[in-house]
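Chemist: Fold the following for me, if possible:
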Amino acid sequence: MKRILVTGNAGSGKSTLARKIAAELDLPYHSLDRVVWQPGWKKTPKEERDRQVRELTDQDQWVIDGVSYAVQEVADTVVFLDMPRRLCFWRAFKRNWKHAFHSRPELPPNCPEILIVPTLCRIIWNFPGAIRPGILERIAKAQPTQSSFHVTSGEDLARLLPALGDARSVKHSQLES
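Modeler: This is a model prediction of the structure:
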């Protein structure tokens with residue numbers, strides 16, 4: 001387990017968990033927010049974004065948080081934080097409040113949360129129907145060498161880090177509530 005993707009809805013806890021996993025397993029951490037966004041909440045052009053994703057995934061070891069099918073394809077472990085929408089809204093609100101007028105650490109400069117609230121609400125609301133099915137489909141079609149963890153509750157999350165330590169010998173893992 002050297003290439004781990006932590007994916008899920010906005011506000012699901014991707015960045016927090018990815019940083020924790022990276023620290024526990026002594027792996028470099030990267031946030032796709034730094035790839036997707038440029039200062040002032042401007043989107044990175046697709047070609048540049050694809051190049052930066054390739055640079056990250058070409059490395060031998062990493063923990064990456066974000067939603068990217070390209071990263072999901074090359075990860076040896078995928079952690080899907082499939083949390084309830086209401087929880088994602090609550091966590092996003094708490095995060096936005098804390099970083100309302102300045103950038104979160106994983107974002108480029110001049111990306112205060114207050115400017116992205118309407119977009120963030122749309123992302124959270126539309127995720128279950130628009131993005132979630134693709135993530136689950138790719139997990140189902142993954143190579144036998146790719147481990148996956150489908151985290152749907154706090155109980156799953158509490159079991160995740162010990163399970164990741166054991167996953168080196170497991171091909172596919174599914175955490176159930």
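Chemist: buried set for the least confident helix or strand in the chain by mean pLDDT?
Modeler: Ranking every helix and strand in the chain by mean pLDDT, DSSP states H and E puts helix 154-166 at the bottom, with a mean of 84. By 16 or more other CB atoms under 10 Å, the buried positions in helix 154-166 come out as D156, L157, L160, A163, L164. Placement of C-beta: from N, CA and C, glycine included.
Chemist: Please apply the same query to stretch 102-110.
Modeler: Quick answer for stretch 102-110 (16+ other CB under 10 Å): S103, R104, E106, L107, P108.
Chemist: By pLDDT, give me the weakest of these.
Modeler: Minimum pLDDT across the buried residues of stretch 102-110 is recorded for E106, with 85.
Chemist: ok, it touching D33?
Modeler: Yes: taking contacts as CB atoms under 8 Å, E106 lies within contact range of D33: 4.9 Å.
Chemist: Overlap in contacts, these two.
Modeler: S15 (CB atoms under 8 Å, 6 or more residues apart in numbering).
Chemist: Just to be sure, H150 is in a strand?
Modeler: Yes: under DSSP: H, G, I helix; E, B strand; the rest coil, H150 falls within a strand.
Chemist: and it, bridged to which residues?
Modeler: In this entry, H150 is beta-bridged to F80, by DSSP bridges.
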